[in-house]
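> no sequence on hand, only this structure:
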């Protein structure tokens, strides 16, 4: 036996290690080494040496298992992971990585990977990972170049002229149009977006797709994150090609009808035709099934979800049934499965056909055509795209006598989507759909490897129906549990909620969806061109009514657990553990479970993530203090879009409205048209006194407001805050408060008194703001640190000079007298 106490390792020990590395049967090698060495008691072996030997053994074991994983071809399953990781790194970087460096790294890794074939499986896999990481970054760069969406830089009211490309109704009867802008006037926008979305509130008869319209509209840039770290809506708008959102005043004028599209390209004509077909199908369904039932049915076919009422949508989310309204793997699988089984069964009724023709492949080809048609009328959502690619690969595998349900098919479909649109890697739809699919396919693979044992009950004819029912509901239970568990972390991270009664709701609703909704809905869609679809839609509507009742019943039980923001490291750590569990086949996959359990345990035993003391919306109109588990706001009715995101992200549902002070005749009357007039010295003195007096009426640390003018509050650290809606009050506000907030885009960004000033101009550059007042100096966190990425570059645009990066206006402090 080698002398373990010697400082230098003996030759025989090095030989043993070398043999262990070369030999795939590493365990047997180590055992042979132990047998050939004389026995020695543990007391004579130093602890450090034993630890080193154990670490070397573990390291060699992991190396051997990694080579075994590579030998089984599992490395290819990580290809979409590496591509997606590279894309996410590129999109989340503070600035655009140099394209030359990205493409150079891709070239170096690709050449090394294809030339260095004898370096071993593990080093070769590292080259493979580096190549795909670089490829993901390159794909992200190319998609950004390809999008090149012009974003509106600031809110404007203008006259727009353009053509209708998309339309969709919501639950309030409003129509949402996607308009391809041709011109703007009064004023003409210098950087005009190519496409905008507008709402029409009072229009009994909607415009047709392809119509050219003109009307007065209020346009605003896409919203940024409601809080630092939350979803940036401008990011998704950039890659959707939408440069602004807004609404129209009155009803726009129809300039030319939809039939006048002769000058459009073939692709544009095909796109308009498909959009028109999708819209007409949705209109037909909603005409036969009014209310939420029709909107629900239309969403299953055309993916138009806005027409479903807010109450029903919330009930579906709370009960864990929201996945039904998304055209995802469930819808595609049921559609393809119904057609496949039905056609194969119909062909089997003809003995000659069943003997002479490959009915299985004919049915698979028919199902492939069916899901392709379904995808074309579904609106091309990411969940529908993922489900279509997955189902297409499975059906094509049947045509070529290959295994249809495998992790390779899941990986291949993910690779296709990431190549086409790598920005989807950041979206919750992509992440949740693939997490559920990956978990279900991995679970199915483990289930098929189990040792099969025939149940003794199956020998009795009378027990077979009972076994069928138990297996059916057992399948629903297992798939619902696996799907819910695999998407839980994504639901918490993106939506800050978790539906705890999803199993019960799915057990009750999925039989209705599987045996009533989807079969009759599919038959109704196929029969719609012949005009005999109404009876089938009625049956489908009855099934959907049952699903809605189930959703509202389960939602009434509660069970919607709110979650605040989690530690930054937790989400990627759990994702790594999840991928190890689902993509590996050796016992290394159990390391993923240990990683998840350990991460959750650390978070459970650690203090909660500290919440900010003060938050400000990106437009400066809404300010909130976090006091005693509630959000204390400067508005009685905060805007739902922003405030609901605050409530979910901070896990705080209670709101304390401000104290509205009675009108004071001693204060100056300032209208919106006089917003920038300068107050006299006496008026400023009166306002300062009123603000000081209002601080005594804040009550439990809330806001006290002079309606339509200003609000005051005392912060936890004793500082005073004033939120003003009119720039005329700026001077007394700077004299009174330590922090001043206004949505007005002023020509200055600080007070001479030393007060911190947040204006519409500064907030435009920083986005929403959080402040931690616990330290001596308040710590400020902004949504944007830099404005160099293409989807937020419009925030740095100066329309006066027509350049990016220029200041909004000259910066100067405000004096005590407002000068």
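Thanks, I have the structure now. Note that the coordinates shown come from a computational prediction; the quantities given were computed from them, not determined experimentally.
> could you find the closest non-adjacent residue to the most centrally placed residue in the chain?
Centroid-nearest residue in the chain, with Cα atoms, centre = their mean: residue 428, separated by 2.7 Å. Nearest residue to residue 428 in three dimensions, chain neighbours excluded: residue 494, at 4.1 Å (Cβ to Cβ, 6 or more residues apart in numbering). In short, each C-beta sits where N, CA and C put it, glycine included.
> ok, back up a step: let's see the pLDDT reported for the residue nearest to the centre of the chain.
Residue 428 is assigned a predicted lDDT (pLDDT) of 88.
> quick one, phi psi at it?
The phi/psi pair for residue 428 (degrees, to the nearest 10) reads phi -60, psi -30.
> right, and it touches residue 489 too?
No - the pair residue 428 / residue 489 is not scored as a contact, 11.0 Å apart, by Cβ atoms under 8 Å.
> what residues do these two have in common as contacts?
Here residue 428 and residue 489 have no joint contacts, going by Cβ atoms under 8 Å, 6 or more residues apart in numbering.
> packing partners for whatever helix or strand residue 476 lives in?
According to DSSP states H and E, residue 476 maps onto helix 464-490. Other elements packing on helix 464-490 under the criterion 3 or more Cβ pairs under 8 Å, 6 or more residues apart in numbering; DSSP states H and E are helix 428-448, helix 502-512, helix 570-583.
> any idea where the strands of the stretch 101-250 of the chain begin and end?
156-169, 175-185, 195-200, 212-220, 244-248 (DSSP state E, counting those that start in this stretch).
> residue 421: which of those strands is closest?
Comparing the strands of the stretch 101-250 of the chain against residue 421 with Cβ to Cβ, the closest turns out to be strand 195-200 (16.9 Å).
> mind checking how far the closest one is from the chain centre?
22 Å (Cα atoms, centre = their mean, to the nearest Å).
> pull up the pairing partners for it, direction included.
Applying DSSP bridges, strand 195-200 is found paired with strand 175-185 (antiparallel), strand 244-248 (parallel).
> quick one, it and strand 156-169 angle?
Computed with axes from the mean of the first three to the mean of the last three Cα atoms, to 10 degrees, the direction of strand 195-200 lies at 80 degrees from that of strand 156-169.
> quick one: average pLDDT of strand 195-200?
On average, the pLDDT along strand 195-200 is 93.
> next, the angle strand 212-220 makes with that strand.
Angle, strand 195-200 to strand 212-220, by the same axes, to 10 degrees: 90 degrees.
> can you list contacts of strand 195-200?
Contacts of strand 195-200 (Cβ under 8 Å, 6+ apart): 152, 160, 162, 165, 174-181, 206, 217, 219, 241-248, 251-252.
> coming back round to it: any chance of TSV for the helices and strands packed on helix 464-490, columns distance to residue 324?
Supplementary listing: the helices and strands packed on helix 464-490 in TSV, determined by distance: least, Cβ to Cβ, whole Å:
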stretch	distance to residue 324
helix 428-448	13
helix 502-512	7
helix 570-583	24
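> buried subset of the contacts of strand 195-200, written for ChimeraX?
For the buried members of the contacts of strand 195-200, the matching ChimeraX selection, counting by 16 or more other Cβ atoms under 10 Å, is:
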select :152,160,162,165,175,176,177,178,179,180,181,206,217,219,241,242,243,244,245,246,248,252
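> for residue 655, phi and psi?
phi -120, psi 140.
> contact partners for it?
Residues near residue 655 by Cβ under 8 Å, 6+ apart: 630-633, 638, 643, 647.
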